[in-house]
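A.B. asks: take a look and give me a structure for this.
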Amino acid sequence: MEKNNIVINTLVFLDDLKNGVKQSDLLKSIHSAGIKNAELRREFIKNFDAELNEIKAVSKELKITLFYSVPDYLYINGALNVNKIEHYFMEANKMACENIKLNIGDYNSISPEDVSIINSLCSKYSIVLTVENDQTKENGRVEKINEFLQLAKKLGMKLGCTFDIGNWLWQKQDPIENANILKPYVTYIHLKDVVSWDKPQAVYLDEGVIPWRRILGIFNKDIPVAIEYPCSPDSLVRLKSEIDKIL
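C.D. replies: A predicted model of the protein is given here:
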C-alpha cells in the first residue's frame, strides 16, 4: 500500500484524547509519523468555535487531508435528519474536511427529495459522504447496508460506504463475504484486527482473527485506509509499528 493512502483516525491517541489533548495537536503527531491524512472524531471536539479553526489552520500548515467521523444518523424515525446533517457539513467545511462519515439510522425508504438534499449538500460543501457499518444490529449488518446502498445508487444519491473490516464480528458476520458484497460502493476503509468471534475486541494488527491483508486485496488499492483503534501506552511508537505492517 502507498503511504499516501493511509489515514490515521484520532482514536489511535485515545489516552491523549481522554486527557484533554486537542485533535489539532494530534495532527502534528500524525504528521510526524509521515502520514498526510487524518480522521477527526466529532465526539472529542469540546469547543467547536475555537477548535474547528485551529484544526483548519494546523491541517493547512501541515498539508493534511481531513476526514470527519460523526456519531449520528442520516435518518431518524424514517425521515432524513436534514438540519443536523447540514450542520455537520458546515462544521466539516469550516475545518476544510473532504469527507464525512455517518450511519444510516432508521430509514424506511429514500425519496427523490432526500436525494436532491444530499446531492445538493455534497456539492455545496464539496464533501464526500459515506455510511459505515458500526457494531450494532441496527446499523452493522450487511443486509440493511447493501439494500440502502443499492437503492441510493439507483436513485442517484451521491454517497459511498465506509467499510469497517473489524466491526462485522460484533454481528457474527464474515468480513470477507461482506467485502465482496459491498465492494461496488466502498470508498473508504476502517482497518482493525479483532481478537475473537465470541467476545470481539479490537487488537493490534496480526494479533486477532481477521485476515485483513486478504480483505484489503479485495478492494481497489487506491481506496484510503484508516488505522482506527487505540494504540497505547506509547501511541506514536506503536502507530509507526502498525503503519509498517500495512506498507
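A.B. asks: which parts of the protein are strands?
C.D. replies: With DSSP state E as the criterion, the chain has strands at 6-9, 37-41, 65-76, 79-80, 99-105, 128-132, 160-164, 186-191, 193-194, 202-203, 225-227.
A.B. asks: let me have those in a markdown table, extended by mean neighbour count.
C.D. replies: Glycine gets a C-beta too; all of them are placed from N, C-alpha and C. What follows is the strands of the chain, written out as a markdown table (neighbours: other C-beta atoms under 10 Å):
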| stretch | mean neighbour count |
| --- | --- |
| strand 6-9 | 24 |
| strand 37-41 | 24 |
| strand 65-76 | 20 |
| strand 79-80 | 16 |
| strand 99-105 | 22 |
| strand 128-132 | 20 |
| strand 160-164 | 25 |
| strand 186-191 | 21 |
| strand 193-194 | 22 |
| strand 202-203 | 18 |
| strand 225-227 | 24 |
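A.B. asks: mind putting the ones you listed into JSON lines with mean pLDDT and distance to residue 142?
C.D. replies: Formatted as JSON lines, these follow (pLDDT from 0 to 100; distance: least, C-beta to C-beta, whole Å):
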{"stretch": "strand 6-9", "mean pLDDT": "98", "distance to residue 142": "22"}
{"stretch": "strand 37-41", "mean pLDDT": "98", "distance to residue 142": "22"}
{"stretch": "strand 65-76", "mean pLDDT": "98", "distance to residue 142": "17"}
{"stretch": "strand 79-80", "mean pLDDT": "98", "distance to residue 142": "23"}
{"stretch": "strand 99-105", "mean pLDDT": "98", "distance to residue 142": "12"}
{"stretch": "strand 128-132", "mean pLDDT": "98", "distance to residue 142": "12"}
{"stretch": "strand 160-164", "mean pLDDT": "98", "distance to residue 142": "10"}
{"stretch": "strand 186-191", "mean pLDDT": "98", "distance to residue 142": "12"}
{"stretch": "strand 193-194", "mean pLDDT": "98", "distance to residue 142": "16"}
{"stretch": "strand 202-203", "mean pLDDT": "97", "distance to residue 142": "20"}
{"stretch": "strand 225-227", "mean pLDDT": "98", "distance to residue 142": "19"}
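A.B. asks: can I get those strands in JSON lines including distance to residue 245?
C.D. replies: What follows is the strands of the chain, written out as JSON lines (distance: least, C-beta to C-beta, whole Å):
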{"stretch": "strand 6-9", "distance to residue 245": "11"}
{"stretch": "strand 37-41", "distance to residue 245": "17"}
{"stretch": "strand 65-76", "distance to residue 245": "21"}
{"stretch": "strand 79-80", "distance to residue 245": "40"}
{"stretch": "strand 99-105", "distance to residue 245": "23"}
{"stretch": "strand 128-132", "distance to residue 245": "23"}
{"stretch": "strand 160-164", "distance to residue 245": "18"}
{"stretch": "strand 186-191", "distance to residue 245": "10"}
{"stretch": "strand 193-194", "distance to residue 245": "10"}
{"stretch": "strand 202-203", "distance to residue 245": "13"}
{"stretch": "strand 225-227", "distance to residue 245": "10"}
